[in-house]
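**Q** Just to be clear, the model below is a prediction. Sequence and coordinates:
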Amino acid sequence: MADPTQRTPTNSARGPRRTALLNQKGGVGKTTTSCNLAAAIGEEDRRVLAIDLDPQAHLSLHLGVDGETVGTTVYDLLVDPAADIEDAMVQVRENLWLIPASVDLAAAESELAGQADRNDLLRRRLESILDRFDYVILDCPPSLGLLTLNALAAVDEVIVPMQAHFLALQGVGKLLETVRLVAAQVNPGLRVGGIALCMHETQSTHGKEVVAELDSFLSEATGSGLPWDGATVLRPAIRRNIKLAEAPSFGQSIFDYAPWCPGAIDYRKLAQRFIASWEKGTEVPPADESPTGGTPGVSTVDGDSPSSAPTSDPVAVRPTDQP
């Protein structure tokens, strides 16, 4: 596999795109999105560092790494100044490295309670290796404690994974306000990059209404100077697909497990647009999609798609062909 020191990063002049996936509500697809977005970006020949900041270590397990057996983890980097970050990075796929978590991470907050610079530990730890990567993806725990504050201090942006449900919609405003407060105190440059819809039911009237509300809410923030000024509902939405739920039990990303199922197609297209928005400075227009994120020519039901690549989707089949 490739050595991250052997190629100049795509955006070496401004460093990698650093993104934290955050939602205080659990079970919304945060870790699934962290894993599969990172894996999809790696498949686009960009070097990615994924960091598991959740004591449950689900991102690590999703990528086939047991944090209890690998040695150095993100816990060691936070609590032990002598721990070497080189020992913590595990290459898990071509172009994809992971700093894993372990259950010990749950004790980090109490162990670091008396340390004056405790919210800035991760950012300083990452400084020495950031120039090796194009993208850094952080999977945050479903809480706003020390671990999440370290993530928010170390990134440029937050992406909020959520389901298009009424109660989730009610929580988005509070979550964004929390990001605003953290940005004011911890990281003035922090912004909200967007909202990623997970486990999405494209034919649901309720889902369509929630997406419309989100679009309207974010549009109203344009020009406000708030951290979510310019944020959008990211397209495509990730359709509900049983393969996405099955893949972690095999320690695989969706691209290892079922590379042409609907979930894989959606994450692949999301990654391509994620890359384009950073490297070209513009979003790829979602002209080939419905307002709720469905993809023409691909079944939207919770099931399997054909094993071969669908030829009706030029973005998914030919990654270099951006509209």
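**A** The structure has been received and is ready for your questions.
**Q** Can you measure across stretch 109-121, start residue to end residue?
**A** Using CA to CA, to the nearest Å, the gap from the first to the last residue of stretch 109-121 comes to 12 Å.
**Q** same question, stretch 47-61
**A** Per CA to CA, the first residue of stretch 47-61 is 20 Å away from its last.
**Q** Ok, stretch 199-207 next?
**A** According to CA to CA, stretch 199-207 extends 11 Å from its N-terminal end residue to its C-terminal end residue.
**Q** List the buried residues for that stretch?
**A** Within stretch 199-207, the residues that qualify as buried are 199, 200, 201, 202, 207, counting by 16 or more other CB atoms under 10 Å. Heads up, the C-betas are built off the backbone N, CA and C, glycines and all.
**Q** okay if I get these as CSV plus secondary structure, pLDDT and distance to residue 157?
**A** Formatted as CSV, these follow (DSSP: H, G, I helix; E, B strand; the rest coil; pLDDT from 0 to 100; distance: CB to CB, whole Å):
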residue, secondary structure, pLDDT, distance to residue 157
199, coil, 91, 22
200, strand, 87, 21
201, coil, 84, 27
202, coil, 76, 26
207, helix, 80, 25
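**Q** Geometric centre of the protein: which residue is closest?
**A** residue 34 (3.6 Å; CA atoms, centre = their mean).
**Q** so how far is residue 232 from the residue lying closest to residue 126 once chain neighbours are set aside?
**A** Computed as CB to CB, 6 or more residues apart in numbering, the closest residue to residue 126 that is not its neighbour in sequence is residue 154, at 5.9 Å. Using CB to CB, to the nearest Å, we find residue 154 at a distance of 23 Å from residue 232.
**Q** higher neighbour count, these two?
**A** When residue 154 is set against residue 232 and neighbours are counted by other CB atoms under 10 Å, the residue ahead is residue 154, at 26 against 17.
**Q** Which pLDDT does the model give residue 172?
**A** Per-residue confidence at residue 172 stands at 85 (pLDDT).
**Q** Which residues are in contact with it?
**A** With contact taken as CB atoms under 8 Å, 6 or more residues apart in numbering, residue 172 is in contact with 160, 162, 195, 214, 217.
**Q** between these, which is closest to residue 280?
**A** residue 195 (21.3 Å; CB to CB).
**Q** wait, that closest one sits on residue 162?
**A** Yes - taking contacts as CB atoms under 8 Å, residue 195 lies within contact range of residue 162: 6.2 Å.
**Q** who's more crowded, these two?
**A** Shown here are residue 195 and residue 162; by other CB under 10 Å, residue 195 has more neighbours (28 against 24).
**Q** so how far is residue 210 from the more buried one?
**A** Counting by CB to CB, the gap from residue 195 to residue 210 is 11 Å.
**Q** for the residue nearest to residue 193 when sequence neighbours are not counted, which residues make a bridge with it?
**A** What sits nearest to residue 193 in space, not counting adjacent residues and going by CB to CB, 6+ apart, is residue 157, at 3.8 Å. In this structure, residue 157 bridges to residue 19, residue 191 when assessed by DSSP bridges.
**Q** Make sure residue 157 is actually in contact with residue 21.
**A** No - using CB under 8 Å as the test, residue 157 is too far from residue 21 to be in contact (10.1 Å).
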